[in-house]
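[1] The sequence and its predicted three-dimensional model are supplied below.
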Amino acid sequence: MIKTRIAPSPTGFLHIGTVRTALFSWIFARQNKGKFILRVEDTDLERSDSRFEKDIIDGLKWLGIDWDGEIYRQSERLDIYEKYLTRLLKEGGAFWCFHSEEELAEERAGQIKKNEVSRHFCKFRDSLPQNQKKSDFGIIRFKNNAKEDIKFNDLIRGEIAFSPETLGDFSLAKNQRAPLYNFAVVVDDFEMEISHVIRGEDHISNTPKQILIQKALDFPSPQYIHLPLILNKNRAKLSKRDGATSINDYRKEGYLPQAVFNFIALLGWHPKEDREVFSREYLLKEFSFSRAQKGGAIFDLEKLNWMNKTYLKSLAIGEAADYGLNFLPEEWQKICAKNKKFWRGIVKLEKERIVKFSELAEKVDYFFKEPVYPKEILSWKGKQIHQDIARHLIYILKLFEKMPVLAFSEKKLEKIILPYAEKEGKGDVLWPLRIALCGKKYSPGPFEIAAVLGKKEVLKRLKNAVGKIKI
């Protein structure tokens, strides 16, 4: 059975790189009717935090990346690691190293000075120092006796080989109940029967160590797939400014999960067809590692924004209204809950004008409170005298006063005002009308706004605008 996993460490928030790995692992498992496992690597007790674990779980759920069975936590599996460490020590595959941190640091400095690979072949690998007890101090190391190159076939990169000389006697654990990454991950992948390990290319250097541990414990090696790193537009390491932030920050910013899902799928992979917007059903059908790239995947925030806007435009009004409501101040949410038609009218006007829902509150504030603006912006391109603006607004005001409330629709408003605007100059008439209603230089058209505001509020705002001019 195909079995994949995502194994984040709860020492930080869930970021784009981990999500991309989770997404590809999830897709591959689901395509093959296999299983996808969530394993939390929380053995770093000092840095692990439950709020980070919650962030990881919430982020995966938001994107619709579900896992099979329980959540595994390494901190609950110490007995298992101890069993295998004890076995390795007993069989001679591992040993206690008693070199101090100072000694190891001095050794590394010397190797760097000579342009050598940093590694440690320990003199304690075959015997303890005189009068030394294992309980005093030290770490457990792997006894690296390999002579031949360590090779593995990567589904994206082909055959990769490492000389065992470059690895030295590498560390396995701080003690028998405190495994380090390379040992714990080998044991977990074996115990959980992981068939395919999908991860970032920064883990390639860990793979030969893990293969040596697998051989020492008579474990089969899984198939390895190393994804390209995610880089910024300048092909440098992704920073927080570029997008290396928590996936839940995108959620709070008002990005749609389906847009983020689609965007992340294209970080290092492309479909056969020349298309960028597609559903998860399409991805589950078309995805293949044969179309994954070896070079760095470029994170482009502008592309994400474009994609989110594309998805936002396609949302049904009701769905957009329900989603967008969460991004309004609580007081406005209460107003919209009582008048759903009013809120849907607002969303219909604005959903194609925003990139993400966090922009919504600022763009629609004039629907919930009377706009504040200087009277000067009522002038179209600064060319009108105030008396003409007042004349146009008063004329419109009188027409609107005669209209029945139920007839106050966008089409009917346009029908009675447009002939006058075409006669007097569209910009000269419609600009001050729109500013009087919303107070913004950029907004939907005046007839659309007026229809949503309703007759009573429109008349009030037109009178206020006329009053500004006459002051």
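    Alright, I've got the coordinates. If you're wondering where the values come from, they're calculated on a predicted model, not measured in any experiment. Numbers count the residues shown, from 1 in each chain.

[2] Is there a neighbour count for residue 286? I'd like the number.
    The local packing of residue 286 (other Cβ atoms under 10 Å) involves 17 other residues. Where you see a C-beta, it was placed from the backbone N, CA and C, and this is true even at glycine.

[3] Am I right that residue 359 is in contact with residue 254?
    Yes: Residue 359 lies in contact with residue 254 (Cβ atoms under 8 Å); the separation is 7.1 Å.

[4] Have a look at the two and say which one is more surrounded.
    Between residue 359 and residue 254, counted using other Cβ under 10 Å, residue 254 has the larger neighbour count: 20 against 15.

[5] State the distance from the residue lying closest to that one once chain neighbours are set aside to residue 93.
    Closest residue to residue 254 apart from its sequence neighbours, by Cβ to Cβ, 6 or more residues apart in numbering: residue 357 at 2.8 Å. Separation of residue 357 from residue 93 (Cβ to Cβ, to the nearest Å) stands at 55 Å.

[6] Of those two, give the one with the bigger neighbour count.
    Using other Cβ under 10 Å, the more surrounded residue of residue 357 and residue 93 is residue 357, with 25 against 20.

[7] The residue positioned nearest the centre of the chain: what's it in contact with?
    The centre of the chain sits closest to residue 247, judged by Cα atoms, centre = their mean, with a distance of 3.1 Å. By Cβ atoms under 8 Å, 6 or more residues apart in numbering, the contact list for residue 247 reads 13-16, 19, 59, 62-63, 260.

[8] May I see those residues organised as CSV, with pLDDT, distance to residue 416 and neighbour count added?
    Formatted as CSV, these follow (pLDDT from 0 to 100; distance: Cβ to Cβ, whole Å; neighbours: other Cβ atoms under 10 Å):
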residue, pLDDT, distance to residue 416, neighbour count
13, 93, 55, 17
14, 94, 55, 27
15, 92, 55, 21
16, 93, 53, 23
19, 97, 53, 25
59, 97, 52, 25
62, 97, 47, 18
63, 97, 49, 22
260, 97, 45, 23
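
[9] Give me the subset of the residues you listed lying in helices.
    16, 19, 59, 62, 260 (DSSP state H).

[10] What separation do you get for the fourth one and residue 246?
    Looking back up the chat, that one is residue 62. For residue 62, the distance to residue 246 - Cβ to Cβ - is 11 Å.

[11] pLDDT-wise, which helix or strand of this protein ranks last?
    helix 101-113 (a mean of 84; mean pLDDT, DSSP states H and E).

[12] next one: that one to chain centre, how far?
    Centroid separation between helix 101-113 and its chain, computed with Cα atoms, centre = their mean, to the nearest Å, is 39 Å.

[13] which residues are contacting it?
    99, 117-120.

[14] In it, which residues are buried?
    Judged by neighbour count using 16 or more other Cβ atoms under 10 Å, the buried positions of helix 101-113 are 104, 107.

[15] contacting residues for the residue nearest to residue 254?
    Residues in contact with residue 357 (Cβ under 8 Å, 6+ apart) are 253-255, 312, 323-324, 326-327.

[16] Closest one of those to residue 197?
    Ranked by distance to residue 197 (Cβ to Cβ), the contacts of residue 357 are led by residue 255 at 29.4 Å.

[17] Could you verify that that closest one is part of a helix?
    No: the assignment for residue 255, made by DSSP: H, G, I helix; E, B strand; the rest coil, is coil rather than a helix.

[18] For it, which residues are in contact?
    304, 308, 356-357.

[19] again with residue 90
    Contacts for residue 90 (Cβ under 8 Å, 6+ apart) come out as none.

[20] for residue 410, same thing?
    447-448, 450-451.

[21] Which one (most neighbours) among these?
    Most surrounded of those: other Cβ under 10 Å gives residue 450, at 28 neighbours.

[22] how much space between it and residue 460?
    Taking Cβ to Cβ as the measure, residue 450 falls 12 Å from residue 460.

[23] Show me the shaky parts of the stretch 251-400 of the chain.
    Across the stretch 251-400 of the chain, the ranges flagged by pLDDT under 70 are 383-385.

[24] switch the cut-off to 80
    382-386 (pLDDT under 80).

[25] Just the helices from it, written as ranges.
    For the stretch 251-400 of the chain, the helices defined by DSSP state H, counting those that start in this stretch occupy 257-265, 280-286, 301-314, 317-324, 330-338, 340-350, 360-364, 386-402.

[26] Break this protein down into its domains, please.
    Segmentation of the chain into domains, based on automatic domain parsing, reads 78-227, 315-367, 375-470.

[27] So what would you say the end-to-end distance of the longest one is?
    Pointing back at domain 78-227 there. Using Cα to Cα, to the nearest Å, the end-to-end distance of domain 78-227 comes out at 30 Å.

[28] And the last one, by the same measure?
    Between the opening and closing residues of domain 375-470 lies a distance of 10 Å (Cα to Cα).

[29] Repeat that for the shortest one.
    Chord length of domain 315-367, first to last residue, is 22 Å (Cα to Cα).

[30] Report the mean per-residue pLDDT for stretch 71-84.
    Across stretch 71-84, the average pLDDT comes to 97.

[31] Can you list the buried residues in that stretch?
    Buried-residue list, stretch 71-84, by 16+ other Cβ under 10 Å: 72-74, 77, 80-82, 84.

[32] And stretch 464-471, by the same measure?
    If you call a residue buried by 16+ other Cβ under 10 Å, then stretch 464-471 has these buried ones: 465-466, 468-469.

[33] Name the nearest of the residues you listed relative to residue 390.
    For those, the residue nearest residue 390 by Cβ to Cβ is residue 469; the value is 4.5 Å.

[34] Just want the angle from the helix or strand containing that closest one to helix 386-402.
    Taking DSSP states H and E as the criterion, residue 469 maps to helix 455-470. Angle, helix 455-470 to helix 386-402, by axes from the mean of the first three to the mean of the last three Cα atoms, to 10 degrees: 160 degrees.

[35] what pLDDT, on average, does helix 455-470 get?
    For helix 455-470, mean pLDDT rounds to 93.

[36] quick thing: my sequence starts at 47, can you match it?
    Understood, numbering begins at 47; the last thing we discussed is helix 501-516.

[37] other SSEs contacting it?
    Here helix 501-516 touches helix 432-448, helix 472-484, going by 3 or more Cβ pairs under 8 Å, 6 or more residues apart in numbering; DSSP states H and E.

[38] Specify the next element, helix or strand, located C-terminal of the longest one.
    Toward the C-terminus, helix 432-448 is succeeded by helix 456-470 as the next helix or strand (DSSP H and E).

[39] Quick check: buried residues in that following helix?
    Neighbour-count burial for helix 456-470 flags 456, 459-460, 463, 467 (criterion: 16+ other Cβ under 10 Å).
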